[in-house]
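> Got a sequence here, can you build the structure:
(chains A and B)
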Amino acid sequence: MRQASLGRALFLIASALFALVLLVQVLHASGAIAAGFSDWRPVLYAYLVWGIALGIRQVLLRGERGLRALFLLPAVLFTVAVVIFPTVFGFYIASLDWNLSSLEGPRFYGLGNLIGLFHDTYYWNALRNMVFYTLAVSGEYAIAFGLALLLNADISGRKFFRVVFLLPMMLSPVAVSWMIGKSLLEYRFGPAATLARALGWDNPAFFASPWIARFSIEAMDAWVSIPFIMIILLAGLQAMPKEVLEAAKVDGANGWQSFWHVTFPLMLPVSITVLIIRIIFKLKLADIVINVTAGGPGGATDTMSSFIYRVYRDRSNVGYGTGLAMFYLLIIIVLLSLLLRLSHRWTQKVT
Amino acid sequence: MTIGALIPNRKPQAASRAKRIVGRTLIYAALIFWAFVCLSPIYWTVTTSFKSAVDVTQGHLIPWLDFQPDWKGWRSLGLSPDTIFGTSNPREEFLSRFGNSIFTSVGASLLALVLGSLAAYGLSRFRYKFAWMRNDDILFFFMSQLILPPVVLALPFLVLYKALALLDTRFGLILLYTLTVLPIVIWIMRDQFNAIPVELDEAAFVDGLSVWGAFLRIILPLAVPGMVAAFILSLVLCWNEYFFAALLTSTDAKTLPVMVASQTGSQGINWWSMAALSTAAIAPLVIAGIFLERYIVSGLTTGAGK
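Numbering: from 1, shown residues only, chains lettered A, B, ... in the order given. I've put the predicted structure just below:
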């Protein structure tokens, strides 16, 4: 009983402290009182103290169950602090007319940014590009499946090939931007351009016309991410029961038939998982575009992230940029929940 | 008669053998082709860091045969044998960025590993109820952070970090990187803990250990392979992260990818130094990839295989 009241008291004090620090700082920032801290960091510390007090309270009040809750608590508190709060805060910023380069501070703008977005042709252009990039995942998947089948075949030196095929995944997209985009594919001296000239393409400009540029960017992103898809498909192939394939062979199926009628259907659940993960990561595509083409020519290679990045960086348009990002988040959530539901229904039908 | 019976038999055999040889040739051709696709950009970058301007413009490719390797690119970074003991501003900048990258990626991976392992163990062993949320909902809550594009968080963080005086600090980056890898760590570690039989926990309770004692002394040591996999995977993701670093750091906490990116624009075609810089930036992970491939693969496959 004494323990419980101790826990309650401790938690109350910590809560009061947190509220007090927050209140002082809010008042200080709004200019109501002179006392306060030079920055908001004490609020962060107060949150930390509050979190610890919450943990102690759990243990003192709920005993064994409190000890169990302690496993989950740090991750939850962390996630709330760095994801939930900033996202909510982001929605607030999205409702502001706020340009860092203009002298006036933020101003409430309501749905103005949202309305502005519907007239922004660059935004819809970037969204169309995202559709292309997302659809291109199917191509990556096809290549990765082929590679996984190759690695799963009876070959010597499998370990070597597996390590080599994995390497591109380890490289930073920024370094890849230079290694491939800015030097290998460089117009004058890049070996790829030289090769293309030798093969009869007179003007091997990989980033000049919209479609070629888009495909070049996609090729680079594919180069980095195919290993990921490949490794997971390979794990799926290796987990597949050998008897099924042998049964197909006995039934007289050739390689192609046994692939389509046995391997591919059996790999469907793994395939769907990896495709969804890959699409999630594809929707974040930014680094390569920012560093190689900066969205050009004329926005042809822009992804959503690279476009919004430029709105921040070049136009300092904080409110509008955040509005764009939030709308994009909503699109992603809708799209992914549709995709998840669809894939769920589909796998249930097949199995 | 005997000959006549033998010949039709041998023909299909020879044909199937020929087919097999063709098939194997095709398989190896495809393997070698893709190995070439994977390695040539790396080869090109590493060799270019040893080229002079003429070798770059004339497209020389093979060292000693085609061109005489020179420490040119590495000299410009202050990392060639003749400059390594002198003072060099580029080297100092490079080393500070390198240090930042190591500090932030290791720090974030460790933090994510601690938070993630605890949460994963909890989710794998106990049944929680928080408002309407059960274990599966809580797991989904953590996993759903994965879909957040960095661009959504970037600006709120810019504003918040300014207020918290965390802009351009390594600690600020660590917090963000932890957030991006936490879902992956939880996913991998939960799988790992699920694979450890609950009977071990129960035996530990019988021996008088508390929940935390059982976790720390019995279960955690068994989960080391999963932790290594999760740690390395987080390390790769944090080391390569560019978007947040580009927006939230300016001078002090700049990481290696930001340095690589900022050089591409400003220096024209200073290819050898760019190549040396890129080589230095990718080298740690290429080496990690070669030696720790097993762990990376196991991390990835537990992450997505289920």
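> you'd agree residue A:194 is up against residue B:60?
No. Between residue A:194 and residue B:60 there is no contact, the gap being 11.0 Å when judged by CB atoms under 8 Å. From N, CA and C alone the C-beta is placed, and that goes for glycine too.
> Would you mark the buried spots in the helix or strand residue A:246 falls within?
Assigned by DSSP states H and E, residue A:246 belongs to helix A:242-250. Buried residues in helix A:242-250, counted by 16 or more other CB atoms under 10 Å in any protein chain shown: A:245, A:248.
> Just checking, which helix or strand succeeds it along the chain?
Next along the chain from helix A:242-250, counting by DSSP H and E, comes helix A:255-258.
> Distance from that following helix to the middle of the chain?
Put simply, helix A:255-258 sits 36 Å off its chain's centre (CA atoms, centre = their mean, to the nearest Å).
> Report the backbone C-alpha coordinates of the helix holding residue A:246 in PDB.
What follows is helix A:242-250, C-alpha atoms only, in PDB (Å, rounded to 0.1, in the frame of the first residue of the first chain):
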ATOM      1  CA  LYS A 242      11.800 -30.400 -52.900                       C
ATOM      2  CA  GLU A 243       9.300 -33.200 -53.400                       C
ATOM      3  CA  VAL A 244       6.800 -30.900 -55.100                       C
ATOM      4  CA  LEU A 245       9.200 -30.100 -57.900                       C
ATOM      5  CA  GLU A 246      10.200 -33.700 -58.200                       C
ATOM      6  CA  ALA A 247       6.600 -34.700 -58.500                       C
ATOM      7  CA  ALA A 248       6.100 -32.200 -61.300                       C
ATOM      8  CA  LYS A 249       9.200 -33.600 -63.100                       C
ATOM      9  CA  VAL A 250       7.800 -37.100 -62.800                       C
END
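> Just the element for the residue lying closest to residue B:157 once chain neighbours are set aside, please.
Excluding the flanking residues, the one nearest residue B:157 by CB to CB, 6 or more residues apart in numbering or on different chains is residue A:86, at 5.9 Å. Taking DSSP H and E as the definition, one finds residue A:86 inside helix A:85-94.
> ok so, going back, the residue nearest to residue B:157 contacts residue B:155, correct?
No. Contact between residue A:86 and residue B:155 fails when scored by CB under 8 Å: they sit 9.1 Å apart.
> Which one of those two is surrounded by more residues?
residue B:155 (26 against 22; other CB atoms under 10 Å in any protein chain shown).
> what sits against the more buried one?
Applying CB atoms under 8 Å, 6 or more residues apart in numbering or on different chains, we find residue B:155 in contact with A:90, A:93, A:312, A:318, A:321, A:322, A:325.
> so which of those residues is the most crowded?
Most surrounded of those: other CB under 10 Å gives residue A:322, at 30 neighbours.
> surely it meets residue B:156?
Yes. Counting by CB under 8 Å, residue A:322 touches residue B:156, with 7.1 Å between them.
> Please enumerate the shared neighbours of those two.
A:90, A:93.
> need the contact list for the residue nearest to residue B:157.
By CB under 8 Å, 6+ apart, the neighbours of residue A:86 are B:153, B:156, B:157, B:160.
> just residue A:318 next, same as before
So residue A:318 contacts A:93, A:96, A:98, A:99, A:100, A:106, A:312, B:155, B:158, B:159 (CB under 8 Å, 6+ apart).
> what's the answer for residue B:131, then?
Per CB under 8 Å, 6+ apart, neighbours of residue B:131: none.
> how much space between it and residue A:11?
To residue A:11, residue B:131 is 19 Å away according to CB to CB, to the nearest Å.
> and what of residue A:287?
44 Å.
> So those two - more neighbours on which side?
Here residue A:287 and residue A:11 are compared on neighbour count by other CB under 10 Å; more neighbours surround residue A:287, at 28 against 20.
> nearest residue to the more buried one other than its sequence neighbours?
Using CB to CB, 6+ apart, the closest residue to residue A:287 is residue A:173 (3.9 Å).
> how about the helices in the stretch 101-250 of chain B?
All helices of the stretch 101-250 of chain B, identified by DSSP state H, counting those that start in this stretch, fall at B:135-143, B:150-164, B:170-194, B:198-206, B:211-214, B:220-222, B:224-240, B:243-248.
> quick one: buried residues of the third one?
By that I understand helix B:170-194. Counting neighbours by 16+ other CB under 10 Å, helix B:170-194 gives B:170, B:172-193 as buried.
> Okay, domains of chain A per the record?
Chain A breaks down by automatic domain parsing into domains covering A:2-90, A:120-350.
> out of the ones you listed, deepest packed?
Among the domains of chain A, the stretch with the highest mean neighbour count (mean count of other CB atoms under 10 Å in any protein chain shown) is domain A:120-350, at a mean of 18.
> Surely residue A:302 touches residue A:132?
No. Taking contacts as CB under 8 Å, residue A:302 lies outside contact range of residue A:132: 10.8 Å.
> follow-up on the earlier one: and the helix holding residue A:86, C-alpha only, in CSV?
Extracted C-alpha coordinates of helix A:85-94, given in CSV (Å, rounded to 0.1, in the frame of the first residue of the first chain):
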residue,chain,number,x,y,z
PHE,A,85,4.0,14.2,-32.0
PRO,A,86,5.9,15.5,-35.0
THR,A,87,3.3,14.1,-37.4
VAL,A,88,0.5,15.9,-35.6
PHE,A,89,2.7,19.0,-35.5
GLY,A,90,3.2,18.5,-39.2
PHE,A,91,-0.5,18.7,-39.8
TYR,A,92,-0.4,22.0,-37.9
ILE,A,93,2.4,23.4,-40.0
ALA,A,94,0.6,22.3,-43.1
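> In the stretch 51-200 of chain A, which residue sits closest to chain B?
Using CB to the nearest CB, the point where the stretch 51-200 of chain A gets nearest to chain B is residue A:71, with a distance of 3.1 Å.
> secondary structure element for residue B:42?
helix B:2-48.
> low-confidence ranges in chain B?
Residues of chain B meeting the criterion pLDDT under 70: B:1-12, B:264-269, B:303-306.
> Residue of it closest to chain A, please.
residue B:122 (3.1 Å).
> Pull up the gap between that residue and residue A:60, please.
Using CB to CB, residue B:122 is found at 19 Å from residue A:60.
> Describe which strands the helix or strand of chain A with the lowest mean pLDDT pairs with in its sheet and in which direction.
Between all helices and strands in chain A, the lowest mean by mean pLDDT, DSSP states H and E belongs to strand A:107-108, at a mean of 74. Its sheet considered, strand A:107-108 pairs with strand A:96-97 (antiparallel) by DSSP bridges.
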